[in-house]
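Participant: Quick one: sequence and predicted model below, then my questions.
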Amino acid sequence: MTKRHMILAAAASVICLAALLQWGVMPLASYYNGVEKDISTSRQRLQRVIELRQEYELVRSRSGENKNSGAEAADFSLYSFLDRLAEQQDLKGRIVFMRPQTEQLSGGLTREIVRLRLGGVGMSQLVPYLYHLDHADSPVRVEDMTIRSQQKSGQGLQVDLRVSVLKG
């Protein structure tokens, strides 16, 4: 190999190395730095949630409230609660479906979710049902609600609800 070929090979090697650094190593390092930052932020949020839970438990114990009262009681069933409320509000016949599901959350918590569809409901029936649902003794939460008009068929409203409760 001549000296010129060696210089060209060295220059080509330097260019390839620079390209590898520019388009390979640097973006990868940037990605990992972003991931580490996301993990750090998530850990800080988790720590704050744990602190808030401890603070909540402290306030709850000071108030004299029983730990298993309300919706957090092991025998509480969101499905049964919604069914009883619909029966009390004369909406039992308007239930198209009720689909329960359970999610396991971190910290030993469980979220019970019920997807509920009411069909042919009038506003005069829906509003008291939602009011009683909101003012129940148990901490039930309406996560999502969709109301559609069924004017074409003259059947009132179709209401889809996603209701949940946290259990300890």
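Facilitator: Right, received. Where do you want to start? Nothing here was measured: the structure is a model prediction, and the numbers come from that model.
Participant: Report the secondary structure state of the residue most central in space within the chain.
Facilitator: Closest to where the C-alpha atoms of the chain average out (Cα atoms, centre = their mean) is Glu143, at 8.8 Å. Applying DSSP: H, G, I helix; E, B strand; the rest coil to Glu143 yields a three-state assignment of strand.
Participant: Any regions of this protein where pLDDT drops low?
Facilitator: 63-74, 151-154 (pLDDT under 70).
Participant: per the record, what domains does it have?
Facilitator: Using automatic domain parsing, the domain parsing of the chain gives 1-65, 70-167.
Participant: Could you identify which of the ones you listed is most buried?
Facilitator: Stretch with highest mean neighbour count among those: domain 70-167 (a mean of 15; mean count of other Cβ atoms under 10 Å). Heads up, the C-betas are built off the backbone N, CA and C, glycines and all.
Participant: Strands along the protein, start to end?
Facilitator: For the chain, the strands defined by DSSP state E occupy 95-104, 110-121, 141-149, 157-167.
Participant: Please name every helix or strand in contact with the third one.
Facilitator: So that's strand 141-149. helix 123-134, strand 157-167 (3 or more Cβ pairs under 8 Å, 6 or more residues apart in numbering; DSSP states H and E).
Participant: Just give me the longest helix of this protein.
Facilitator: With secondary structure taken from DSSP state H, the chain has its longest helix at helix 26-62.
Participant: distance between that one and the chain's centre?
Facilitator: Put simply, helix 26-62 sits 17 Å off its chain's centre (Cα atoms, centre = their mean, to the nearest Å).
Participant: would you list the strands of the chain in TSV and tack on distance to Leu28?
Facilitator: Compiled in TSV, those are given as follows (distance: least, Cβ to Cβ, whole Å):
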stretch	distance to Leu28
strand 95-104	34
strand 110-121	37
strand 141-149	39
strand 157-167	40
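Participant: closest one to Gln88 among these?
Facilitator: strand 95-104 (13.1 Å; Cβ to Cβ).
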